[in-house]
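*Asks:* predicted model and sequence below, questions to follow.
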Amino acid sequence: YIPCALELGATTIVVQEDVPLPPVLPKLLKAYGAKLKKVPCGRRALAELSARAHGYPASSLKLIGITGTKGKTTTAFLTEHLLRSAGYRTALLSTVENRILTQVFKAPLTTPQPDYLHAFFAECRSAGVEYVVMEVAAQALTLERVATLSFHTAVFTNFSLEHSEFYPTQDEYFKAKCLLFENHVAEGRILLNNDDERLAELATRYKGACTYGLRAPSTIQGSVLKSDLAELMLTIDAIPFRAQGLLGDFNASNILAACAAVQPSIPDWSVLQRAVLSFEGVPGRLERYNLPNNAVAFIDNAHTPSSVEAVLAALRPLTDNLIVVFGAGGERDALKRPLMGGIAARYADTIFLTTDNPRSEDPIEIVAAIQQGIEVEERSKIVCELDRKEAIIGAYALSKPGAIIALLGKGPVEYQEIKGIKIPFSEASILRGL
């Protein structure tokens with residue numbers, strides 16, 4: 001890589017101190033007239049150099065960072081929508097898409113690498129953006145992608161089992177999430193979901209933290225009044241809100257988080273009420289499709305035990321026939337597979353076990369691992385169909401008017417990754433073709 005960089009005109013090679021260097025490097029550097037700079041942490045150096053190269057653009061922006069095991073994307077989309085509806089110039093960095101004002105870009109990662117981030121911030125500065133709302137993944141904090149950034153507001157939506165392939169213990173995963181508040185919020189606000197026990201404990205650690213919750217007494221208090229297929233009704237500090245693009249208690253919590261994040265900037269609650277009502281939802285997050293037989297399908301990204309449970313708990317009271325189609329990603333956290341199977345069996349009338357980006361793993365083994373979490377007496381509700389398109393068609397064939405089909409795991413992703421190849425695959429297109 002270094003010879004290639006030198007050929008392309010690099011004048012300085014930055015390397016981490018503990019990285020062994022090839023013996024030929026001094027000769028190469030001399031031949032190209034380049035310098036060598038050693039740093040304690042290469043990842044942090046990338047962030048610092050990227051910020052410097054673009055003139056520290058983030059310093060002129062108000063950053064709202066959202067972390068949490070689930071709810072990040074919906075909360076980020078809604079927060080940006082609220083600010084934009086109030087007349088602010090906004091940008092968004094999310095799992096689904098990135099956006100500067102009305103210009104939309106493909107999202108390379110939940111939280112991009114520093115060179116992308118600071119180029120993005122520079123574009124925001126040029127466009128007159130005031131607020132950037134961004135998802136902040138645990139790995140991004142661990143890998144120093146957001147080094148040098150200071151957040152105007154930081155939100156922690158919830159915490160649960162995830163990413164055991166990256167973090168050996170859940171305590172390490174939790175500590176990684178907390179880096180957002182410990183290293184990146186100097187004068188900014190901290191918002192914590194008080195309904196989550198681990199987050200409630202943080203309220204005593206971070207002085208001045210603001211809490212929100214639907215159940216636990218909180219700084220900003222919410223209460224769900226109604227949740228059905230037509231609308232979600234709730235109160236926030238006794239003020240009534242209606243949402244038609246969101247449903248379920250977990251989305252009520254996301255609405256609370258978003259409103260809490262922007263309320264100091266939008267003190268007029270009526271503006272927030274109108275903006276929540278006009279929010280149309282997020283692609284791949286309980287994305288609704290009305291089917292020809294008067295059943296309803298939802299496409300959702302849920303791929304962890306807690307997110308699968310949150311989605312199915314929201315849908316179960318709305319139908320007498322809940323059909324769930326899901327699998328589990330290959331080369332990812334294997335511990336969650338039987339847990340998701342057990343949760344699906346608890347809520348669903350019929351379960352189609354299928355593929356979801358198996359990558360280099362055998363899909364049959366993945367499905368078998370999911371099935372291990374389902375009690376023997378519940379296995380009669382299982383249909384194994386590894387072809388995901390056929391599983392969706394089969395679920396539709398079993399459905400009747402009033403049934404709900406939950407397609408879990410893929411969300412807005414429009415491919416199946418199999419043995420290193422990304423094969424085009426769109427659940428939305430399949431549903432539209434039924």
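*Replies:* Sure, I can see it. Numbers count the residues shown, from 1 in each chain.
*Asks:* use CA for all of it now, contacts and neighbours both
*Replies:* OK.
*Asks:* what about dumping the CA coordinates of stretch 262-271 to PDB?
*Replies:* These are the backbone C-alpha positions of stretch 262-271, laid out as PDB (Å, rounded to 0.1, in the frame of the first residue of the first chain):
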ATOM      1  CA  VAL A 262     -34.800  19.200  19.600                       C
ATOM      2  CA  GLN A 263     -37.100  20.800  22.200                       C
ATOM      3  CA  PRO A 264     -34.600  23.500  23.300                       C
ATOM      4  CA  SER A 265     -34.300  24.500  19.700                       C
ATOM      5  CA  ILE A 266     -38.000  24.200  19.000                       C
ATOM      6  CA  PRO A 267     -39.800  25.500  22.100                       C
ATOM      7  CA  ASP A 268     -43.200  25.700  20.400                       C
ATOM      8  CA  TRP A 269     -44.800  22.300  21.000                       C
ATOM      9  CA  SER A 270     -47.400  22.900  18.300                       C
ATOM     10  CA  VAL A 271     -44.600  22.800  15.700                       C
END
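*Asks:* contacts for it?
*Replies:* For stretch 262-271, the surrounding residues in contact (CA atoms under 8 Å, 6 or more residues apart in numbering) are 79, 82-83, 85-86, 272.
*Asks:* buried stuff in it?
*Replies:* The neighbour-count criterion (16 or more other CA atoms under 10 Å) identifies 262, 266 as the buried residues of stretch 262-271.
*Asks:* what's the answer for stretch 122-132, then?
*Replies:* The neighbour-count check on stretch 122-132 (16+ other CA under 10 Å) flags 122-125, 129-132 as buried.
*Asks:* end-to-end on that stretch?
*Replies:* Between the opening and closing residues of stretch 122-132 lies a distance of 12 Å (CA to CA, to the nearest Å).
*Asks:* Leu78 and Asn254: what is the separation?
*Replies:* Distance of Leu78 to Asn254, given as CA to CA: 8 Å.
*Asks:* how about Asn301?
*Replies:* On the measure of CA to CA, Asn301 and Asn254 end up 15 Å apart.
*Asks:* those two - which one has more neighbours?
*Replies:* Taking Asn301 and Asn254 together and counting by other CA atoms under 10 Å, Asn254 has the greater number of neighbours (24 against 21).
*Asks:* touching, the more buried one and Gly71? I think so.
*Replies:* Yes - using CA atoms under 8 Å, Asn254 makes contact with Gly71 at a distance of 6.4 Å.
*Asks:* which residues do the two both contact?
*Replies:* Residues touching both Asn254 and Gly71 by CA under 8 Å, 6+ apart: Thr157.
*Asks:* the strands in the stretch 251-400 of the chain, which residues?
*Replies:* For the stretch 251-400 of the chain, applying DSSP state E, counting those that start in this stretch gives strands covering 287-290, 296-300, 322-326, 350-353, 382-384.
*Asks:* how far off centre is the shortest one?
*Replies:* Chain-centre distance of strand 382-384: 28 Å, with CA atoms, centre = their mean, to the nearest Å.
*Asks:* contact partners of it?
*Replies:* With CA under 8 Å, 6+ apart, strand 382-384 has contacts from 350-354, 367.
*Asks:* mean confidence (pLDDT) on it, please.
*Replies:* Averaged across strand 382-384, the pLDDT comes to 98.
*Asks:* give me the mean pLDDT for stretch 224-236.
*Replies:* Per-residue pLDDT values over stretch 224-236 give a mean of 97.
*Asks:* what are the buried residues along it?
*Replies:* 224, 227-229, 231-236.
*Asks:* now for Asp249: which residues touch it?
*Replies:* Asp249 is in contact with 224, 227, 314, counting by CA under 8 Å, 6+ apart.
*Asks:* which one's the longest strand in this protein?
*Replies:* For the chain, the longest strand by residue count, based on DSSP state E, is strand 220-227.
*Asks:* from what I see, Lys419 and Pro363 are in contact.
*Replies:* No - in this structure, Lys419 sits apart from Pro363 without contact. The criterion is CA under 8 Å, and the distance is 11.0 Å.
*Asks:* so for these two, which sits in the more crowded spot?
*Replies:* Here Lys419 and Pro363 are compared on neighbour count by other CA under 10 Å; more neighbours surround Pro363, at 22 against 13.
*Asks:* give the buried residues for stretch 1-21.
*Replies:* Taking 16+ other CA under 10 Å as the criterion, stretch 1-21 shows 6, 10, 14-16 as buried.
*Asks:* kindly report the same for stretch 38-57.
*Replies:* Within stretch 38-57, the residues scored as buried using 16+ other CA under 10 Å are 42-51, 54, 56-57.
*Asks:* what lies in contact with that stretch?
*Replies:* Among residues not part of stretch 38-57, those counted as contacts by CA under 8 Å, 6+ apart are 14-18, 58, 114-115, 118-119, 121-122, 125, 143-148.
*Asks:* among the buried residues of stretch 38-57, which are in helices?
*Replies:* If you go by DSSP state H, these have 42-51 in helices.
*Asks:* identify the bridge partners of Val104.
*Replies:* Under DSSP bridges, the beta-bridge partners of Val104 are Arg99.
*Asks:* quick check: Ile423 touching Glu417?
*Replies:* Yes - taking CA under 8 Å as the definition, Ile423 is a contact partner of Glu417 at 6.2 Å.
*Asks:* more crowded one of the two?
*Replies:* Glu417 (19 against 12).
*Asks:* verify the stated contact: that one with Lys410.
*Replies:* No - with contacts defined as CA under 8 Å, Glu417 does not count as touching Lys410, sitting 11.0 Å away.
*Asks:* still on that earlier bit, among the strands of the stretch 251-400 of the chain, which is the most enclosed?
*Replies:* strand 322-326 (a mean of 26; mean count of other CA atoms under 10 Å).
*Asks:* which strands and helices sit next to that strand?
*Replies:* Other helices and strands packing on strand 322-326, by 3 or more CA pairs under 8 Å, 6 or more residues apart in numbering; DSSP states H and E, are strand 350-353, helix 388-398, strand 404-408.
*Asks:* just put these in JSON lines and tack on distance to Ile430.
*Replies:* Below are the helices and strands packed on strand 322-326 laid out as JSON lines (distance: least, CA to CA, whole Å):
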{"stretch": "strand 350-353", "distance to Ile430": "16"}
{"stretch": "helix 388-398", "distance to Ile430": "7"}
{"stretch": "strand 404-408", "distance to Ile430": "11"}
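*Asks:* between the buried residues of stretch 38-57, which is closest to Ala345?
*Replies:* Distance from Ala345 was checked for each of these by CA to CA. The minimum falls on Arg43, at 43.0 Å.
*Asks:* show the pLDDT at the closest one.
*Replies:* Note for Arg43: predicted pLDDT of 97.
*Asks:* so how far is Val296 from it?
*Replies:* From Arg43 across to Val296, the span is 46 Å (CA to CA).
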